[in-house]
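# Using only what follows, build the 3D model:
(one chain, ligands or ions: 2)
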Amino acid sequence: MAGRFISLEGGEGVGKSTQLAALATALEGRGIEVLVTREPGGSSGAEAIRKLLLEGEETRWNPRSEALLFAAARADHVEKTIKPALAEGKWVLSDRFLDSSLAYQGEAGGLGIEAVRDLHRFGSLDFLPDRTLVLRLESGEGALRARRRDGEEGDRIGSRPPRYHAAVDRGFRVMAEQEPDRVKLIDAEGNPETVTARLLYALGDLLP
Ligand SMILES: Nc1ncnc2c1ncn2[C@@H]1O[C@H](COP(=O)(O)OP(=O)(O)OP(=O)(O)O)[C@@H](O)[C@H]1O
Ligand SMILES: Cc1cn([C@H]2C[C@H](O)[C@@H](COP(=O)(O)O)O2)c(=O)[nH]c1=O
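Ligands and ions are numbered 1, 2, ... in the order given. The predicted structure follows:
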């Protein structure tokens with residue numbers, strides 16, 4: 001059976017980790033071998049870069065160095081983790097991938113979506129998911145869920161102001177408009193089981 005690469009995307013606290021676990025269970029129930037991974041991270045080099053990116057002061061990196069670090073982490077993740085698993089016929093489910101960089105660093109960070117896509121063309125030869133599912137909640141709802149989970153302890157990027165996160169959401173919507181076959185917006189309101197059913201529906205044409 002051919003492997004598939006699926007990324008789960010969205011702003012802070014929209015339920016990506018919860019849904020990744022539920023989706024993995026649902027796919028395994030259909031006899032599919034699944035590898036769950038995340039970004040930034042997913043390989044030992046990329047996990048080291050994750051700490052550099054998410055810990056420390058806001059001023060630790062400027063927007064360009066931040067985008068380069070994400071692209072470098074992704075290149076390692078693709079080569080060491082994602083491609084080998086796909087070659088073994090597994091479905092790879094990633095908690096965030098390229099579209100996070102396009103939305104956060106490209107749209108919200110002001111670098112532009114094309115500039116960030118160019119880094120991906122260089123770093124990962126423009127390797128793309130078979131499907132990208134973007135979980136969406138009404139403005140502020142994800143942040144509320146994240147705050148209930150973490151208190152005030154956001155990471156370097158999560159704790160940016162609401163206008164930054166509104167621009168992130170706009171970036172994801174732009175991606176869905178630009179690549180409607182790959183990128184699907186999914187309503188993340190409702191109980192977790194309902195959201196999982198929406199995700200499975202959006203993968204319907206890829207399922208064996
Ligand atoms: N459908 C849901 N309804 C209500 N609460 C939910 C739902 N799904 C997840 N949650 C809760 O919301 C919080 C955030 O969920 P989760 O950690 O899955 O989001 P996330 O998108 O992975 O967050 P982050 O972007 O911070 O990594 C958790 O406390 C989780 O239990
Ligand atoms: C992949 C990727 C991530 N980010 C940001 C988004 C979040 O604020 C953090 C990751 O934290 P999570 O709890 O694991 O979701 O990093 C980004 O800005 N750009 C990216 O490419």
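
# Tell me the secondary structure at the closest residue to residue 192 other than its chain neighbours.
Beyond its immediate neighbours in the sequence, the residue positioned closest to residue 192 (CB to CB, 6 or more residues apart in numbering) is residue 18, lying 5.6 Å away. The way it works is simple: take the backbone N, C-alpha and C, and place the C-beta from them, glycine included. When the structure is reduced to helix, strand and coil (DSSP: H, G, I helix; E, B strand; the rest coil), residue 18 reads as helix.

# Show me what from the protein comes close to ligand 1.
Counting by CB under 6 Å from any ligand atom, the chain comes close to ligand 1 at 10, 12-18, 145-146, 149, 191-192, 195.

# Now do the helices in this protein.
Using DSSP state H, the helices of the chain run over 16-29, 44-54, 63-77, 83-87, 98-101, 113-124, 141-150, 162-178, 192-202.

# Out of the ones you listed, the one nearest residue 37 is which?
Each of these has some distance to residue 37 by CB to CB; the shortest is helix 63-77, at 7.1 Å.

# Can you name every helix or strand that that closest one contacts?
Contacts defined by 3 or more CB pairs under 8 Å, 6 or more residues apart in numbering; DSSP states H and E place helix 63-77 against helix 44-54, helix 98-101, helix 113-124.

# Just say which of these is most tucked in.
For the helices and strands packed on helix 63-77, ranked by mean neighbour count under the definition mean count of other CB atoms under 10 Å, the leader is helix 98-101 at a mean of 28.

# how far is the helix or strand of the chain with the lowest mean pLDDT from where the chain is centred?
Lowest by mean pLDDT, DSSP states H and E among the helices and strands of the chain is helix 141-150, with a mean of 87. What separates the centre of helix 141-150 from the centre of its chain is 18 Å, taken as CA atoms, centre = their mean, to the nearest Å.

# Then stretch 102-121?
The gap between the average C-alpha position of stretch 102-121 and the chain average comes to 14 Å, counting by CA atoms, centre = their mean.

# How about stretch 186-194?
Averaging C-alpha positions (CA atoms, centre = their mean) puts stretch 186-194 17 Å from its chain's average.

# what does stretch 158-168 give?
16 Å.

# C-alpha coordinates for it, PDB please?
Listed in PDB are the C-alpha atoms of stretch 158-168, where the atom choice follows Å, rounded to 0.1, in the frame of the first residue of the first chain:
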ATOM      1  CA  GLY A 158       2.500  31.400  20.800                       C
ATOM      2  CA  SER A 159       2.700  34.400  23.100                       C
ATOM      3  CA  ARG A 160       2.800  36.900  20.200                       C
ATOM      4  CA  PRO A 161      -0.100  39.400  20.200                       C
ATOM      5  CA  PRO A 162      -3.600  38.700  18.900                       C
ATOM      6  CA  ARG A 163      -3.100  40.700  15.700                       C
ATOM      7  CA  TYR A 164      -0.200  38.400  14.800                       C
ATOM      8  CA  HIS A 165      -2.400  35.300  15.300                       C
ATOM      9  CA  ALA A 166      -5.200  36.900  13.300                       C
ATOM     10  CA  ALA A 167      -2.700  37.300  10.500                       C
ATOM     11  CA  VAL A 168      -1.700  33.600  10.900                       C
END
